[in-house]
Every structure is written in structure tokens, then in C-alpha cells.
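Chemist: Sequence and computational prediction follow.
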There are 4 protein chains.
Amino acid sequence: MSPKEIVEKGMYERDAFSKWLGIELLEVREGYAKVSMTVRPEMTNGFQIAHGGITYSLADSCLAFASNSHGRHAVSIETSISHTKAVLPGDFLMAESKLENLSGKLGIYTVKVTNQKNEMVALFKGTVYRKDSEWKI
Amino acid sequence: MSPKEIVEKGMYERDAFSKWLGIELLEVREGYAKVSMTVRPEMTNGFQIAHGGITYSLADSCLAFASNSHGRHAVSIETSISHTKAVLPGDFLMAESKLENLSGKLGIYTVKVTNQKNEMVALFKGTVYRKDSEWKI
Amino acid sequence: MSPKEIVEKGMYERDAFSKWLGIELLEVREGYAKVSMTVRPEMTNGFQIAHGGITYSLADSCLAFASNSHGRHAVSIETSISHTKAVLPGDFLMAESKLENLSGKLGIYTVKVTNQKNEMVALFKGTVYRKDSEWKI
Amino acid sequence: MSPKEIVEKGMYERDAFSKWLGIELLEVREGYAKVSMTVRPEMTNGFQIAHGGITYSLADSCLAFASNSHGRHAVSIETSISHTKAVLPGDFLMAESKLENLSGKLGIYTVKVTNQKNEMVALFKGTVYRKDSEWKI
């Protein structure tokens, strides 16, 4: 399976929560994913801004897509996120991954989340464990 | 406002995403919150397990409730989460905060998320910035 | 080898930097370590307080001792530290680990570092990768 | 004071531990620092590789220099580091900061540490709190 097939057919089509979020796949290559979504009112917290879990979820989907695109099953083991700017209902968010390091068992990626003004709203770092099993049709 | 009023009326009642998640407030005291939720099928990812963003969101709501209960507005600036066990649809999750350190401007809390078998599914650490402004009726 | 033998003979005796720091082993059990050190003037930074690397190093040694004590070789893959209080020359620091989760391949530990007044100066979280190889005489 | 004066005279000259490490300042600009050091035998742990605290300390000094170079006093509040490759005695390490986000009170920087083969040995992320006080002669 190609990186695109793994992510589109293996992952995204069966990913109910990414669909609820309205995530769209903009680009997928080996070790890389770019995704977007628009923030809706039901995604806000008590401050009337996007719940931190929304931005995290977008970044975490981006990590899952990027880290599984190499062909081996990859699962997140430790992630961190810095929320740098409030996200409002109606904001259009884009998340883009960067492969920082890949070894036999582990992969490290950073994901930047930006809004429609190209302002960074979150910086995310994720470490995944790479299993021996592979994506197959 | 008491810790309970801040969290129940100031935060939870207006928190649309926590309501979508089905989060329930089990206990609130100054610097402490315990919350629960049940995982639904629309919360799963392409592996048919709960999306990492679901567990993160539960822990992040718990952090928000605990860190605002002192009376001052508190916003999350940096959080990390380790996913230690897969979460399945139907699982009943509980998140409980622990105040680790409180200074003038910053608060640090850990949040443990466990399932119905009392197994830890995630360990979360969050740092909040404490504003000068306060919760008021 | 017992947890104590692994840490004392296998690790500590050959650990040149822990010795330079003046780290002492106070207690070792399976999955647990308690260590101490006194901060010296050559450990300070430009603010005349202990360099962040000193507190980190003490916590990281504590993690290494605790996570290797189970018998399998364990290496740190991701760690984070919150510095909660300035550390001064002459301060006596104690670090104590807590096993948070252990699975086949991974272990998660938190380490609290306190000073002589029992104030927390740092909270550390570490994830280790557990190899198949074991400690042997 | 210029960024270079703040870091060289205000910080580095009085930073005893950075000097013990043998850290050299290669470049300083506003929001940016590049530093290097050579790993010595007394910096190793029980595995005969560099103690994790050595790489952390180099990255943390780099963060301190970069984040104070703007003119305001900045203190680290939360840092994380992923160790991606073993570091050996004799290795020549270089650390370079990148400013990720700057707001009124907070700054976020990543620091990459590489060895003499230009392989990444660690990825570090740091959040600093920016005080109102400034560097002055």
C-alpha cells in the first residue's frame, strides 16, 4: 500500500472521530501529512473558545497519519502540546507534520497548527512506537 | 463563588464540547476535580479504539476544572499525555486531578485517567498560567 | 542480580557523572529509587542559582536506577521536567521515583525533587524503552 | 544591552556550570543561540555513554541564552527532551535554538542537538516565562 492508500483507506475512512471533527486530508506523503478542519460551536469550552482537546485531536490525527504512512503500524506513546493562541468558532485550522527522527522502534514528529491568518495556535510533539506489523490490503 | 459554583455554573454549563463528550462532574473541591465519561462509537479512530483526542479532552477538562476552582482564571499553557492502554467503545473512564504545585503565576497538575477495571489508560501533566482576573457572579 | 545489585554495582559504580554530582543512593527497590545530592557553587548558572541541568540530571539518574531495577535494560526515550522553585548552592536535594505504568516494552515513572525544607523544586516525568536484554553478573 | 552583551556578559561569564561543561558560544542573535561542547569521560553514566543530563544541560543553556536575548529576564518553566541517539565520550555536540512562539508572558523554543556527523542526538522543547524586569548594565 502507498502512503496515501494507508492513510485514506486504512485509516481515515474508518476514523469516526476525525470525521466528526470534519478533518480533511490535504496532503499525504511518506512521513508527512497535512490536514485541516473548521471549528464549530459545539467544539467550544466554558470560555467560548475551542476546547484544548479539539486542537490536540487535529494534531494527533495528523501525527497518526504521518507516522503510519511509512508502512508499519505506529502507535502514539507520548505527546505534548503548547496552546499558543486562542481558537474561536469559525476558525479554519491547518495542521502539518514534520518528521524529526526515525529509528527502528521509534519515530518523533512535530506538528504545527495554524489558523486562517497563518498564526500558530499550537505546537505539538509526538513520539510513536513502531510495531513489526505492516499495513496490508 | 465557591469552587463548585465556578466549575458547575461558570464553566461546565457553558462547555459545549464537554457536554458532547458526556462528561459528568463527580466531585469538585479547591484544586481538585473528578470527572467521568463513557466512550461512544463516534469517538473511535481508524484502529477502532478511542481516538487519543478523546482521552486527552477528558483529562484537559479535568485540568481546567481543577485549576480554575481556586478562584482565579487559569489557562493551560503546556500539557503532555502518555497513552498507556487502549480505550474501547463502551469503556467507562474516570479522570482525577492532583495539584502538584501552585505559585503566584503558575499551577501544575497531574491527571490520571482510568477505565472501569481501574486500569490506568493515560497519565497527563498540565501547566496553567494564572491570570489576575477572578471568577465572579 | 537483585534490584540493589543492578543499581549499585551495574550502574552507580561506573556512573562518572552521577559521582561528579555527588549523588548518593538512599534506597533501591524493584521499580523504585531514592537519591540525594548537595548543590555546589560550580553547578550554578548566570543567575547564581542551580543550572536547570543539575536538577534534571539528579531526576534522570533516579529514573535510570528505578527503571533498570526490574532486571531488563531500560533506556530513556522521552522526559519532561517542570522547575517549580529556584535551587541555591548549598541546597540538599532529594529525588524519589514513582512507577506509574509498566508494560512489555515501556515504563513510565514520575520523579519528585524536593529540597531540605521538603519543598518541591521539580516535577519530572520519564518514559523508558525496555529492551529484551537483562542485567547479569 | 545587545543580545550578544546580555548573553556573553550578563549570563555566560557568570555561568559556572556551562563553563564546567566546556560550552562555547558560537552565535547569538535576538531569539537565537548556537552553542557547542565536547563530551568528556567524566560526563558518562553507567552505560559508558553521555549521561542524559549532559545533553539536557547543553540544550537548556541554549534555551536560556536564546530566550533572554530579547532583553527581558526569562526563566524556564517546562521543558521536554527526546534522546534520539547515544552520545559517546569525544563526541562534539552542537545545539541550535529556534523561536517557535513569543507572546507577552511566554516564549516557546525548540532546540536541536546534533553530533559531529550532523546526526540529531536530542530534540528539546522549552517554555519560558518572561518577567517584566530587563537586562541592564
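Modeler: The structure has been received and is ready for your questions. Residues are numbered from 1 along each chain as shown, chains lettered A, B, ... in the order given.
Chemist: is any part of the longest strand along chain A close to chain B?
Modeler: Secondary structure of chain A read by DSSP state E shows that its longest strand is strand A:120-134. No - in terms of Cβ under 8 Å from any Cβ of the partner chain, no part of strand A:120-134 sits within range of chain B; the closest distance is 8.7 Å. Backbone N, C-alpha and C define where each C-beta goes, glycine included.
Chemist: ok, which stretches of chain A are strands?
Modeler: Taking DSSP E as the criterion, chain A contains strands spanning A:24-29, A:32-38, A:72-83, A:92-102, A:106-114, A:120-134.
Chemist: Just give me how far the fourth one sits from the chain centre.
Modeler: How far strand A:92-102 lies from its chain's middle: 7 Å, per Cα atoms, centre = their mean, to the nearest Å.
Chemist: Pull up the pairing partners for that strand, direction included.
Modeler: Taking DSSP bridges as the criterion, strand A:92-102 sits next to strand A:32-38 (antiparallel), strand A:106-114 (antiparallel) in its sheet.
Chemist: export it as CSV, just CAs?
Modeler: Taking only C-alpha atoms (Å, rounded to 0.1, in the frame of the first residue of the first chain), the coordinates of strand A:92-102 have been written out as CSV:
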residue,chain,number,x,y,z
PHE,A,92,-10.1,27.3,9.9
LEU,A,93,-7.2,25.3,11.3
MET,A,94,-4.4,23.6,9.4
ALA,A,95,-2.0,21.0,10.9
GLU,A,96,1.2,20.0,9.2
SER,A,97,3.6,17.3,10.5
LYS,A,98,7.4,17.3,10.4
LEU,A,99,9.4,14.1,10.8
GLU,A,100,12.1,14.8,13.3
ASN,A,101,13.7,11.4,13.8
LEU,A,102,13.1,7.8,12.8
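Chemist: So what touches it?
Modeler: In this structure, residues lying in contact with strand A:92-102 by Cβ atoms under 8 Å, 6 or more residues apart in numbering or on different chains are A:26, A:31-39, A:55, A:58-59, A:61-63, A:65-66, A:70, A:87, A:107-116, A:121, A:124-125, D:82, D:84, D:120, D:123.
Chemist: Return the set of buried residues in that strand.
Modeler: Residues of strand A:92-102 classed as buried under the neighbour-count rule (16 or more other Cβ atoms under 10 Å in any protein chain shown) are A:93-97, A:99-102.
Chemist: for the first one, same thing?
Modeler: Buried residues in strand A:24-29, counted by 16+ other Cβ under 10 Å: A:25, A:28.
Chemist: Could you do the last one as well?
Modeler: Along strand A:120-134, these residues count as buried under the neighbour rule (16+ other Cβ under 10 Å): A:121-130.
Chemist: quick one on the thing from earlier: from the buried residues of strand A:92-102, which single one is nearest residue C:77?
Modeler: Nearest to residue C:77, judged by Cβ to Cβ, of those is residue A:101 at 10.8 Å.
Chemist: In the sheet, which residues pair with that closest one? Tell me.
Modeler: On DSSP bridges, the residues paired with residue A:101 through beta bridges are residue A:108.
Chemist: Then residue A:79?
Modeler: residue A:126, residue B:81.
Chemist: and it, what is it in contact with?
Modeler: Under the contact definition (Cβ under 8 Å, 6+ apart), the residues listed for residue A:79 are A:56, A:59-60, A:63, A:124-127, B:52, B:56, B:80-81, B:83.
Chemist: per-residue pLDDT, the residue lying closest to residue A:31 once chain neighbours are set aside?
Modeler: In this structure, residue A:31 finds its nearest non-sequential neighbour in residue A:99, 4.1 Å apart by Cβ to Cβ, 6 or more residues apart in numbering or on different chains. For residue A:99, the model assigns a pLDDT of 98.
Chemist: quick one: residue A:99 and residue B:61, what's the gap?
Modeler: 31 Å (Cβ to Cβ, to the nearest Å).
Chemist: got it, and residue A:67?
Modeler: Distance of residue A:67 to residue B:61, computed by Cβ to Cβ: 26 Å.
Chemist: what does residue A:22 give?
Modeler: 21 Å.
Chemist: neighbour-wise, which of these two wins?
Modeler: More neighbours surround residue B:61 than the other of residue A:22 and residue B:61, with 29 against 13 (other Cβ atoms under 10 Å in any protein chain shown).
Chemist: ok, the closest residue to that one other than its chain neighbours - contacts?
Modeler: Nearest in space to residue B:61, with sequence neighbours left out and distances taken as Cβ to Cβ, 6+ apart, is residue B:18 at 4.9 Å. Listed by Cβ under 8 Å, 6+ apart, the contact set of residue B:18 reads A:45-46, A:51, B:12, B:57, B:61.
Chemist: need the contact list for residue A:50.
Modeler: By Cβ under 8 Å, 6+ apart, residue A:50 lies in contact with A:39, A:43-44, A:86-89, A:91.
Chemist: So which of those is surrounded by the most neighbours?
Modeler: Greatest neighbour count in these, by other Cβ under 10 Å, goes to residue A:43: 25 neighbours.
Chemist: biggest helix in chain A by residues?
Modeler: The helix that spans the most residues within chain A, counting by DSSP state H, is helix A:52-68.
Chemist: so how far is that helix off the chain centroid?
Modeler: Between the mean C-alpha point of helix A:52-68 and the mean C-alpha point of its chain there is a distance of 2 Å (Cα atoms, centre = their mean).
Chemist: how about the nearest residue to residue A:107, chain neighbours excluded?
Modeler: Looking at residue A:107 with Cβ to Cβ, 6+ apart, the closest residue is residue A:128, at 4.7 Å.
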